[in-house]
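K.L.:
Return a 3D structure for these sequence lines:
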Amino acid sequence: MLPVILLVQVLLLIAVVLLLLRKTAPPAAQDPRQLQLPDQVARLDDYARSVSLGARERDALGREFDLVTVQRKLKDAGRFVFIDRVKGNGSFLKFVEPTIAKATASAARLSDDEDASALSETLARVFSR
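P.N.:
Residues are numbered from 1 along each chain as shown. Prediction:
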């Protein structure tokens with residue numbers, strides 16, 4: 001399960017991004033795996049083979065990758081908006097929507113985790129508008 005503090009931080013970041021941007025969100029992907037680049041999957045598979053991970057360990061590696069991706073991408077999106085609003089540099093705003101889309105895709109792949117599922121549902125509900 002995601003730690004409660006992480007879930008609270010993520011929800012706060014979402015709220016800040018929504019309040020500051022007030023834009024339409026990225027189009028929803030039909031399949032969350034579509035937003036995982038084939039290169040990322042191949043690199044994780046290569047690593048798993050190089051250290052002789054079995055299928056179960058490879059799945060755990062992918063899961064950890066998705067957990068970190070959710071946290072990092074939502075933090076990145078918040079930072080991009082902060083840089084625009086506080087520093088007056090809007091050059092990073094073009095990355096907000098794709099970054100949130102990646103976080104949404106990673107959260108959707110964590111469907112067996114109750115907190116990640118709740119986050120995924122929240123992201124889908126907020127960004128489907």
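K.L.:
and after the least confident helix or strand in the chain by mean pLDDT, which helix or strand comes next?
P.N.:
Using mean pLDDT, DSSP states H and E, helix 4-21 stands out as the lowest-scoring helix or strand of the chain, at a mean of 58. Using DSSP states H and E, the helix or strand that directly follows helix 4-21 along the chain is helix 38-50.
K.L.:
Now that next one: buried residues?
P.N.:
Buried residues in helix 38-50, counted by 16 or more other CB atoms under 10 Å: 44, 48. Every C-beta, even on glycine, is put in place using the N, C-alpha and C of the backbone.
K.L.:
and if you look at stretch 49-65?
P.N.:
Buried residues in stretch 49-65, counted by 16+ other CB under 10 Å: 53, 58, 61, 62, 63, 65.
K.L.:
Over to stretch 104-115?
P.N.:
Residues of stretch 104-115 classed as buried: 104, 105, 106, 107, 108, 109, 110, 113, 115 (neighbour count, 16+ other CB under 10 Å).
K.L.:
Regarding stretch 44-63, how distant is the last residue from the first?
P.N.:
This stretch, stretch 44-63, spans 11 Å end to end (CA to CA, to the nearest Å).
K.L.:
For the nearest residue to residue 62 once chain neighbours are set aside, list the residues it contacts.
P.N.:
Distances taken as CB to CB, 6 or more residues apart in numbering place residue 44 nearest to residue 62, at 6.0 Å, with adjacent residues excluded. Shown in contact with residue 44 (CB atoms under 8 Å, 6 or more residues apart in numbering): 58, 61, 62, 65.
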